[in-house]
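Colleague: Predicted model and sequence follow; I will ask about them next.
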Amino acid sequence: MSTNSKSGAKLMMYLLTLVMIGGFIFLLITDMNNKKLEENGVKTQATVIQITSTQRRKGVISKDGIAEYLDEQGNKHYFEGFVGNAEANVGSKVNVVYNKDNPDEVIRENPLLIYFVIGTGVFAALCLFGSFMITFRAKDKLCVSCMQQSVSDEELARIVREYMSQTKNNYLSKKGKNSSFDKIGDDAVLDSQIRQGDPVGELLSTGQKEAREYGELYLCAVIRPTDQNIYSDKMTLSDDPREAASARSTVPAFVVYGTDGYFEAHPSELKTVASRLAGDVWGGQFSQQDMQLIDFLKDTSSRPFNIGYCGDLTMGHSVMITTVVLDKLHLCNKKLSNKLLYLLADPQRTKYAQVLPAWYYSMWELSAF
């Protein structure tokens, strides 16, 4: 099933849940009434006197008809309904149970009904759980709002120093429960690019799982996103590429981070490094290799995955440059509001990385980053 919006998908889930609960209640009441009649009623055989309809479903023939039976006083009564499969014909016998106080109240014995009740009940419970999840535990319920504020370099370093370990522990304690919400969402434009061979498809299919499984927490800075739409909180889950193009949900971005702990102690310098890698450099002499790296990162079709660099652009510090996919629902204010983010990465075990969703951060970090 394909829907044009998240609200449409929710509505379909709610309607399916209501239908399944209604079906379960109906079958349960029917089974209870049948069992009561089977326990207190009179069992006898009815003779099929007419076949009223024949149906074939997936190669199985079922027949409805009219069957005649006698009560204890010898009076004739009739059962109408399912009389059997292909072997049922006029003259066939059907086991029925009737109410001795009201012989016209009759049922056909159906020991399989209870399995339909159980199956419908299980499916109804799953639908109910799904409705609960999309209502109370949907990803957008976890979205975080924050107010940006400028802080000094010293204050920024203090915030990272005091809150990063708390954020890491918060993630580790909840990552199992939140695994489905931490996954990067869908985007029609990005899906189209992946179908055309964009390497970021592997990041979404297996890379983000590897990053969550193996990754350590590092501070990273955004060099540049590949689409400016990430700075807008407007979103859509439409399958129409024209509508989706004006309201992206997920956007690739290039980020930089270090693994030696230096930038966690000097976070303002990491922001400077990201700006220099984005081409915001004035004066100085840069090698041809450095300028090629800047040009490479200006190309929105580039896909660096954990490439190492150490040189003038990073003031001599060793860094890793990688591509991540930013999910608006994972970001503060549902858009790219921060220059700094936390990253799950392990360059020794996987070339992929994932930005930590905003619901794990403290408000101090979200506001100051």
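Modeller: Yep, it's here.
Colleague: average pLDDT across the strand or helix carrying residue 79?
Modeller: Remark: residue 79 resides in strand 76-84, with elements defined by DSSP states H and E. The average of the pLDDT scores along strand 76-84 is 90.
Colleague: helices and strands around that strand, which ones?
Modeller: strand 42-57, strand 60-70, strand 93-99, strand 102-108 (3 or more Cβ pairs under 8 Å, 6 or more residues apart in numbering; DSSP states H and E). Just so you know, the C-beta spots here come from the backbone N, C-alpha and C atoms, and that holds for glycine as well.
Colleague: at 6 Å instead, please
Modeller: Using 3 or more Cβ pairs under 6 Å, 6 or more residues apart in numbering; DSSP states H and E as the contact criterion, the secondary-structure elements in contact with strand 76-84 are strand 60-70, strand 102-108.
Colleague: who's in contact with that strand?
Modeller: Contacts to strand 76-84, defined as Cβ atoms under 6 Å, 6 or more residues apart in numbering, come from residues 46, 48, 63-69, 94, 96, 103-104, 106.
Colleague: got those as TSV, with pLDDT, neighbour count and distance to residue 16 columns?
Modeller: Converted to TSV, the contacts of strand 76-84 look like this (pLDDT from 0 to 100; neighbours: other Cβ atoms under 10 Å; distance: Cβ to Cβ, whole Å):
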residue	pLDDT	neighbour count	distance to residue 16
46	91	22	38
48	90	20	37
63	88	19	31
64	90	16	28
65	92	22	34
66	92	17	36
67	91	26	36
68	94	14	41
69	92	21	40
94	89	21	35
96	90	21	35
103	90	19	40
104	90	11	37
106	90	23	34
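Colleague: Which pair of these spans the longest distance?
Modeller: Spanning the widest gap among the contacts of strand 76-84 are 63 and 103, at 23.9 Å by Cβ to Cβ.
Colleague: now the nearest residue to residue 350 once chain neighbours are set aside: how far from residue 197?
Modeller: Residue nearest to residue 350 in three dimensions, not counting chain neighbours: residue 210, with 4.0 Å by Cβ to Cβ, 6 or more residues apart in numbering. Computed with Cβ to Cβ, to the nearest Å, the distance linking residue 210 and residue 197 is 21 Å.
Colleague: residues near the residue nearest to residue 350, how many?
Modeller: A count of nearby residues for residue 210, using other Cβ atoms under 10 Å, gives 19.
Colleague: doesn't residue 349 make contact with it?
Modeller: No - when contacts are counted by Cβ atoms under 6 Å, residue 210 is not listed as touching residue 349 (7.3 Å).
Colleague: Could you tell me which residues make contact with residue 62?
Modeller: Shown in contact with residue 62 (Cβ under 6 Å, 6+ apart): 55, 85.
Colleague: one step back: next, format the contacts of strand 76-84 as CSV and append distance to residue 147.
Modeller: What follows is the contacts of strand 76-84, written out as CSV (distance: Cβ to Cβ, whole Å):
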residue, distance to residue 147
46, 77
48, 77
63, 71
64, 68
65, 73
66, 75
67, 76
68, 80
69, 78
94, 74
96, 73
103, 77
104, 74
106, 72
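Colleague: if I look at residue 191, how far off is residue 46?
Modeller: Relative to residue 46, residue 191 is positioned 59 Å away (Cβ to Cβ).
Colleague: Residue 173 now?
Modeller: Plainly put, residue 173 is 65 Å away from residue 46 if you go by Cβ to Cβ.
Colleague: Residue 64 too?
Modeller: Looking at residue 64 against residue 46, where the rule is Cβ to Cβ, the gap reads 14 Å.
Colleague: Can you tell me the closest non-neighbouring residue to residue 215?
Modeller: For residue 215, ignoring the flanking residues on the chain, the nearest one in space by Cβ to Cβ, 6+ apart is residue 344 at 3.2 Å.
Colleague: re earlier: doesn't the residue nearest to residue 350 lie inside a helix?
Modeller: Yes - counting by DSSP: H, G, I helix; E, B strand; the rest coil, one finds residue 210 located in a helix.
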